[in-house]
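**Q** The following comprises the amino acid sequence and a computationally predicted model.
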Amino acid sequence: AADPAVISPQDPTLLIGSSLTATCTVSADFHLRAEDLYWTLNGRRLPAASYTALGPTTLSVALARLNGSRQQSGDNLVCHSRDGGILAGSCLYVGLPPEKPVNISCWSRNMKDLTCTWAPGAEGETFLHTNYTLKYKLRWYGRDNTCQEYHTAGPYSCHIPKDLALFTPYEIWVEASNRLGVAVSDVVMLDILDVVTTDAPPDVHVSRVGDLEDQLSVRWSSPPALKDFLFQAKYQIQYRVEDSSEWKVVDDVGNQTSCRLAGLRPGTVYFVQVRCNPFGIYGSKRAGIWSDWSNPTAASTPRSERAAGGCDPKGGEQNTTLRRELKQFFGWVKKHAYGCSNLSIKLYDQWRVWLQKSHKTRNQV
Amino acid sequence: GDSWGIFAFLCAALCHLPAVPALNGTEELGAGQSIQKTYDLTRYLEHQLRTLAGTYLNYLGPPFNEPDFTPPRLARAERVPGATVDLELWRGLTDNARLAANYRAYSRLLCYLRALDGQAGTAELRHRLGHFCSSLQGLVLSIAGVMSSLGYPLPAGPTAAPGSPGAANDFLKKMDEFWLLKELQTWLWRSAKDFNRLKKKVPPAVVTLRLEARGF
């Protein structure tokens, strides 16, 4: 059976702002005339004023200053018979050619792989489906390689899982293409050793320093994935009090795996995180990329037992609050701790952390 | 012409369904439980399809995502197996014919679904489609399991129907995709009834034997 009608142009690609005249010609078998037809675009009827009968069975429509396509599958321009039936349709692809992708940034996790992200060159790249291809090659060797695993770290990202060479720089670029054209980013040159990141330091422990009210001791381990490689780790610690969202950063930790925090408030719960930078891998003079922060660890500074200054009612209030808190705490312990042997001040601190998370949401920097 | 050749190749390459399912577990499961499992799968897929279809039709754009939209069903859309069937005919189906119809339909539908444009839509849409295809493959294998446990032979694998080329233009392709989703929906409704009917007909003797074997 013949198609009821034919639309021209069929599935055209157009620049935003351009105009289009489309025609619908009904097949002879269907006994319809131009007057019996009407047009819709994305389901909305187009005004009769824009129609022109070009012959007994051909109706045209004039579309001016087209906007970018409503959906990437194309705008639906449809020719209907008087009773609403669909005779034929054409998909209009209206958009802009892509611009050079920008801000290419890459990192390698433990020198095993490479992940790169980029940004589209322009805001208007969503009207048409735009394909991004990340390519890379070793600087002094001929072959171009194409990255295969996309969207691993957001919509504009690609992951190269293996076969990466060290000690020779890579040239990396991104090609953007859509129906209207192609654009190639500037080439970025990088050495894998300069963009290494690693896992957050494991085994972070925070403990009191004897009875000292204003200090806490932090210990951690070096990330194991890099233990066979020559590098000097740099660490950073950040900490905050329970009720604040302001982190204090300790920058000059160097490459030790322990640090003492001083100048703290007595009797306060602190949350602490550590991260690592694999500085100077294989003698490279450059810093690597900071790892993620470790999961927060909590600890509290001691509060000395001082005789309360007299007013009983005040003392009484404090006792009621504390008692209520402890009662809630022991209830929690019964549900979450296994056996009383685990009961320690650390458990109390962990509970404070849990309480904090369940009452408020905080963004960790 | 060219499009048919490409389509036939695509279908053959994408539809590598095993001739006999390696489902040793089904024998122990018993036909009754397999049928229940298959029934549950159709309900699950029906639920998944609602979200998937909504997202996909939005991607196709209006009028495809409008509530009562019914485009003409053109000759080329006939290659999608129809679920609608005369009531008496449906009642009169033997168990074998009933299962075979389901098996053939979903094998075909899976094939067409997999052939949907790999670049289509957002990464999220492609991910949903991929997930649905996996579940649908599970349904096909489940039906095969039921047939095998009842001693019925599996129908021959899906072949691209000769003389049914891919859609000639993008708009016709959208209409084909619309009807594919519609038929999937109708089949899942029908299958629930098919498997409900089969559930009642599985001889209780089969189940008893198994219990005896376990020393109950």
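**A** Yep, it's here.

**Q** From start to finish, how long is stretch A:264-274 in a straight line?
**A** 18 Å (C-alpha to C-alpha, to the nearest Å).

**Q** Tell me where the model's unsure across chain B.
**A** Where chain B drops to pLDDT under 70, the residues are B:1-29, B:75-78, B:117-119, B:157-165, B:203-216.

**Q** mind running it again at 80?
**A** Under the criterion of pLDDT under 80, the regions of chain B flagged as low confidence span B:1-33, B:74-81, B:117-121, B:123, B:157-167, B:202-216.

**Q** Chain A contacts on that one?
**A** When proximity is defined as C-beta under 8 Å from any C-beta of the partner chain, chain B approaches chain A at B:58-64, B:66, B:71-72, B:74-75, B:119-121, B:123, B:169-172, B:174-175. Bear in mind the C-beta positions are built from the backbone N, C-alpha and C, glycine included.

**Q** go with 6 Å
**A** Taking C-beta under 6 Å from any C-beta of the partner chain as the criterion, the neighbours of chain A within chain B are B:59-63, B:66, B:71-72, B:75, B:123, B:169-171.

**Q** Among these, which pair sits farthest apart?
**A** Greatest spacing in those, by C-beta to C-beta: B:Ala75 and B:Ala123 (34.5 Å).

**Q** Would you mind giving the secondary structure of whatever residue of the stretch 251-365 of chain A ends up closest to chain B?
**A** When scored by C-beta to the nearest C-beta, the stretch 251-365 of chain A has A:Asp292 as its residue closest to chain B, at 23.4 Å. Here A:Asp292 is coil, with the state taken from DSSP: H, G, I helix; E, B strand; the rest coil.

**Q** That one: neighbour count?
**A** A count of neighbours around A:Asp292, defined by other C-beta atoms under 10 Å in any protein chain shown, yields 12.

**Q** go on, B:Thr94?
**A** B:Thr94: 9 surrounding residues under other C-beta under 10 Å.

**Q** residue contacts, it?
**A** Residues in contact with B:Thr94 (C-beta atoms under 6 Å, 6 or more residues apart in numbering or on different chains): none are found.

**Q** again, but for A:Pro302
**A** A:208, A:211, A:213.

**Q** Now do the phi/psi pair for the residue of the stretch 251-365 of chain A closest to chain B.
**A** A:Asp292 adopts backbone torsions of phi -70, psi 160, taken as degrees, to the nearest 10.

**Q** dump the residue contacts of B:Leu113.
**A** Contacts for B:Leu113 were tallied using C-beta under 6 Å, 6+ apart; they are B:Cys133.

**Q** How much space separates it from B:Val85?
**A** Taking C-beta to C-beta, to the nearest Å as the measure, B:Leu113 and B:Val85 are separated by 22 Å.

**Q** Which residue is the nearest non-sequential neighbour of the residue of the stretch 251-365 of chain A closest to chain B?
**A** A:Ala200 (4.9 Å; C-beta to C-beta, 6 or more residues apart in numbering or on different chains).

**Q** and A:Lys357, that one's in a helix?
**A** Yes. Read with three-state DSSP, A:Lys357 is one of the residues of a helix.

**Q** That one: how many residues sit nearby?
**A** Under the neighbour criterion other C-beta under 10 Å, A:Lys357 is assigned a count of 11.

**Q** Would you mind measuring from it to A:Phe271?
**A** 10 Å.

**Q** Give me the domain ranges for chain A.
**A** Chain A resolves into domains spanning A:5-95, A:102-194, A:205-301 when parsed by the TED database.

**Q** mind listing what the residue nearest in space to the middle of chain B touches?
**A** The centre of chain B sits closest to B:Tyr106, judged by C-alpha atoms, centre = their mean, with a distance of 2.2 Å. Listed by C-beta under 6 Å, 6+ apart, the contact partners of B:Tyr106 are B:139-140.

**Q** Thank you kindly, that will do.
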